[in-house]
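K.L.:
Sequence unavailable; structure follows:
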C-alpha cells in the first residue's frame, strides 16, 4: 500500500541494511550476463569466429530469447526455495559458464554459452535479487529495490572500461577465467554471508524474530493471480511492451558500441570511459524513483514511466535538425 509520508531511512535496522547490501551484491554479480559486460568482448569474439556485426547480433538475440524462455519456468523457483541457495546456485552456474567462454572453440558453443550467461546473470540472479527485496520489504520497498539496484549501477560504471583494459593486457580468454574466479571465490561467499539471516528463514522463525517491515496483515489485498490469469488479462500486454522498451533500446546501443564507435570515429576506450556518467545519472534517477514509489505507489507512476525515454530521441532529433544532420 502506498503512503504519503514514507518512513525515514534511519528506521532501517542493521539486519535490513544487511539484506539490502546482499541484494546489491546479487545485482552486481549479474554483470557477466549483462550486455554492457559481454559487449566488451564483441570485437574479440567476432574476430575469433569470423562473424559480422549483424551475425553476432543475431546470435546474441537467439541466446537472449532462449534465456528468457527458460526463465519463464525457472523464475517460479524463487517462490518455492531459499533465495540464498538459489543465488549461490546461479553464481556457480555463471562461474562455470565464464570458464566455458574462456575455452570456446566453435560458434555453436558460443550461442549456448551466451544463453547461459544471460540466463544465470541477467535473468535468474537479477530476478532473485529483485523478488527477494520486494518480498522482504513493505514500507521501504521502493527504496530497498533502488538501493539493491545500485549493484547494476556500480558494475556499469566500473566494469566496461576495466574489462576493455584487461582484454588489451591479458587477452579475452584470460579475462573470462578471472571472472569465474572472482564469482566463485569472492562474490559467492559474500552473498552467502549477507543473506545468512533472512526474515523468512528457519533461524528467524525458530527464534520468533519478526520482520520489522512486514505487511500489517498477511491477508490477500487483491486478486490471487495465476500465470494463466495474467496471460488472459489485456492490461498485461499493454504493460509488458512498455516495460520492454527501455532495456531493448539500451541493449541496442550498448551491444553495438564497438560498431557505433567505429562509425563515429571514436576510440572504444573513450566510449567506455563515459559509462560512469551514465551510472551517476542512473543512480540519481533510481533513488528518486524509489522515493516516489514509496510515496505515491507504483501504479500511479506507471503512465509516465516512459516519458524520459520518449524525450531522449526527440531531443536528439531536434538537435540534429538544427545542425542540418540526420540521425
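P.N.:
Good, I have the coordinates. Computed from a predicted model, the values in this text were never measured in an experiment.

K.L.:
now the helices: where do they sit in the stretch 51-200 of the chain?
P.N.:
Using DSSP state H, counting those that start in this stretch, the helices of the stretch 51-200 of the chain run over residues 53-74, 83-102, 107-117, 126-136, 141-148, 150-170, 172-182, 188-194.

K.L.:
Give me the buried positions along the fourth one.
P.N.:
Same thing as helix 126-136. Within helix 126-136, the residues that count as buried by 16 or more other Cβ atoms under 10 Å are 126-133, 135-136. In this view, the C-beta of every residue, glycine as well, is placed from N, C-alpha and C.

K.L.:
hmm, back to that, between the helices of the stretch 51-200 of the chain, which gets nearest to residue 238?
P.N.:
With Cβ to Cβ, the closest approach to residue 238 among the helices of the stretch 51-200 of the chain belongs to helix 53-74: 19.3 Å.

K.L.:
buried set for the closest one?
P.N.:
In helix 53-74, counting by 16+ other Cβ under 10 Å, buried: 53, 56-57, 59-60, 63-64, 66-67, 70-71, 74.

K.L.:
Residue 196 contacts residue 83, correct?
P.N.:
No: contact criterion Cβ atoms under 8 Å: residue 196 and residue 83 do not qualify, at 11.7 Å.

K.L.:
Mind checking which of those two has more residues around it?
P.N.:
More neighbours surround residue 83 than the other of residue 196 and residue 83, with 26 against 12 (other Cβ atoms under 10 Å).

K.L.:
From residue 31, how far off is that one?
P.N.:
For residue 83, the distance to residue 31 equals 19 Å [Cβ to Cβ, to the nearest Å].

K.L.:
Likewise for residue 53?
P.N.:
23 Å.

K.L.:
for residue 87, same thing?
P.N.:
Using Cβ to Cβ, we find residue 87 at a distance of 14 Å from residue 31.

K.L.:
Next, the residues that contact stretch 266-284 from outside, please.
P.N.:
36, 40, 43, 150, 152-154, 156-158, 160-161, 164-165, 257-258, 260-261 (Cβ atoms under 8 Å, 6 or more residues apart in numbering).

K.L.:
from the residues you listed, which would you call buried?
P.N.:
36, 40, 43, 150, 152-154, 156-157, 160-161, 164, 257-258, 260-261.

K.L.:
Among those residues, which one sits closest to residue 112?
P.N.:
Distances from residue 112 to the buried ones among the contacts of stretch 266-284, taken as Cβ to Cβ, are shortest for residue 40 (20.2 Å).

K.L.:
Can you classify the closest one as helix, strand or coil?
P.N.:
helix (DSSP: H, G, I helix; E, B strand; the rest coil).

K.L.:
how close does it sit to residue 120?
P.N.:
Counting by Cβ to Cβ - residue 40 and residue 120 are separated by 18 Å.

K.L.:
With residue 68 instead?
P.N.:
As judged by Cβ to Cβ, residue 68 and residue 120 stand 13 Å apart.

K.L.:
do the same with residue 61
P.N.:
Separation of residue 61 from residue 120 (Cβ to Cβ): 18 Å.

K.L.:
so what's residue 246 up against?
P.N.:
So residue 246 contacts 306, 309 (Cβ under 8 Å, 6+ apart).

K.L.:
how big is the angle separating the strand or helix carrying it from helix 150-170?
P.N.:
In this structure, residue 246 sits in helix 234-255 according to DSSP states H and E. Between helix 234-255 and helix 150-170, the angle formed by their directions is 30 degrees, by axes from the mean of the first three to the mean of the last three Cα atoms, to 10 degrees.

K.L.:
how far off helix 53-74 does helix 234-255 point, in degrees?
P.N.:
Angle, helix 234-255 to helix 53-74, by the same axes, to 10 degrees: 140 degrees.

K.L.:
what about helix 234-255, average pLDDT?
P.N.:
Average pLDDT, helix 234-255: 75.

K.L.:
just to revisit the earlier point, is it possible to get JSON lines of the helices of the stretch 51-200 of the chain that adds mean pLDDT and distance to residue 268?
P.N.:
Listed next are the helices of the stretch 51-200 of the chain as JSON lines, based on pLDDT from 0 to 100; distance: least, Cβ to Cβ, whole Å:
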{"stretch": "helix 53-74", "mean pLDDT": "90", "distance to residue 268": "14"}
{"stretch": "helix 83-102", "mean pLDDT": "95", "distance to residue 268": "20"}
{"stretch": "helix 107-117", "mean pLDDT": "95", "distance to residue 268": "20"}
{"stretch": "helix 126-136", "mean pLDDT": "91", "distance to residue 268": "26"}
{"stretch": "helix 141-148", "mean pLDDT": "88", "distance to residue 268": "30"}
{"stretch": "helix 150-170", "mean pLDDT": "88", "distance to residue 268": "7"}
{"stretch": "helix 172-182", "mean pLDDT": "96", "distance to residue 268": "14"}
{"stretch": "helix 188-194", "mean pLDDT": "95", "distance to residue 268": "31"}
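
K.L.:
In JSON lines, list these along with distance to residue 8.
P.N.:
Formatted as JSON lines, these follow (distance: least, Cβ to Cβ, whole Å):
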{"stretch": "helix 53-74", "distance to residue 8": "36"}
{"stretch": "helix 83-102", "distance to residue 8": "27"}
{"stretch": "helix 107-117", "distance to residue 8": "39"}
{"stretch": "helix 126-136", "distance to residue 8": "19"}
{"stretch": "helix 141-148", "distance to residue 8": "10"}
{"stretch": "helix 150-170", "distance to residue 8": "19"}
{"stretch": "helix 172-182", "distance to residue 8": "36"}
{"stretch": "helix 188-194", "distance to residue 8": "23"}
